[in-house]
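**Student:** Predicted coordinates and the sequence they were generated for:
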Amino acid sequence: MPNEYEAIVRREIVTTRIFAAPRAAVFEAWTDPNQLKQWWGPRGFSNTFHVCEMQAGGLWTYTMHAPKGTDYKNEATFVEIATPERIVIEHTSPPKFRLTALFDELGSDTKLTFRQLFETSTVFDQVKKFAAQANEDNLDRLAKLLGDG
């Protein structure tokens, strides 16, 4: 029988990136809805934010628009915003997951750790095929916004 750590590993995607930007700027790109909508999502996607209550307990509803015209409705709740160290988001529409973004200061650079813990291993298995690359696309777009890409 797997222990709790092994069970989490089998349903979590972890992506890290070091940005040549101060931690405050990287954190702000996550917490300023005008910046967030510019980079959130895979390459080629755009966003319409309907509600973005950037506070603990706040609602975030948005539609991601795929390059070929498909719309993906999303709903999430901001669980925690600890400036400038951590943001925790509960993605409540399918696929359900908890996203934890950790911002570590490395001198004038910032290390971002982007963790997605999926509700079940079944959900994880369904999305891992595309989610890891989508996360990389997300962070590429964030780097470009920060002038680091």
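**Tutor:** Nice, thanks for sending it over.
**Student:** For residue 143, see how far away residue 131 is.
**Tutor:** Taking CB to CB, to the nearest Å as the criterion, residue 131 is separated from residue 143 by 19 Å. All C-beta spots, glycine's among them, are computed from the backbone N, C-alpha and C.
**Student:** average model confidence for the helix or strand where residue 122 lies?
**Tutor:** Counting by DSSP states H and E, the element that carries residue 122 is helix 121-145. Averaging pLDDT along helix 121-145 yields 93.
**Student:** Pull out the buried residues from it.
**Tutor:** Within helix 121-145, the residues scored as buried using 16 or more other CB atoms under 10 Å are 124, 127-128, 131, 134-135, 137-143, 145.
**Student:** Now do that helix: distance to the chain's middle.
**Tutor:** Mean C-alpha position of helix 121-145 versus that of the full chain (CA atoms, centre = their mean, to the nearest Å) differs by 9 Å.
**Student:** which outside residues touch it?
**Tutor:** Contact partners of helix 121-145, identified using CB atoms under 8 Å, 6 or more residues apart in numbering, comprise 7, 10-13, 15, 17, 19, 26, 29, 35, 38-43, 94-97, 112, 114, 116, 118, 149.
**Student:** Show me these that map onto strands.
**Tutor:** 12-13, 15, 17, 19, 97, 112, 114, 116, 118 (DSSP state E).
**Student:** Pick the one among these closest to residue 104.
**Tutor:** Sorting the ones in strands among the contacts of helix 121-145 by distance to residue 104 puts residue 112 at the head of the list, at 7.8 Å, by CB to CB.
**Student:** after the lengthiest strand in the chain, next one along is what?
**Tutor:** In the chain, assigned by DSSP E, the strand with the most residues is strand 71-82. Of the helices and strands lying after strand 71-82 in sequence (DSSP H and E), the nearest is strand 86-91.
**Student:** and residue 86, bridged to which residues?
**Tutor:** Per DSSP bridges, residues listed as beta-bridge partners of residue 86: residue 82, residue 102.
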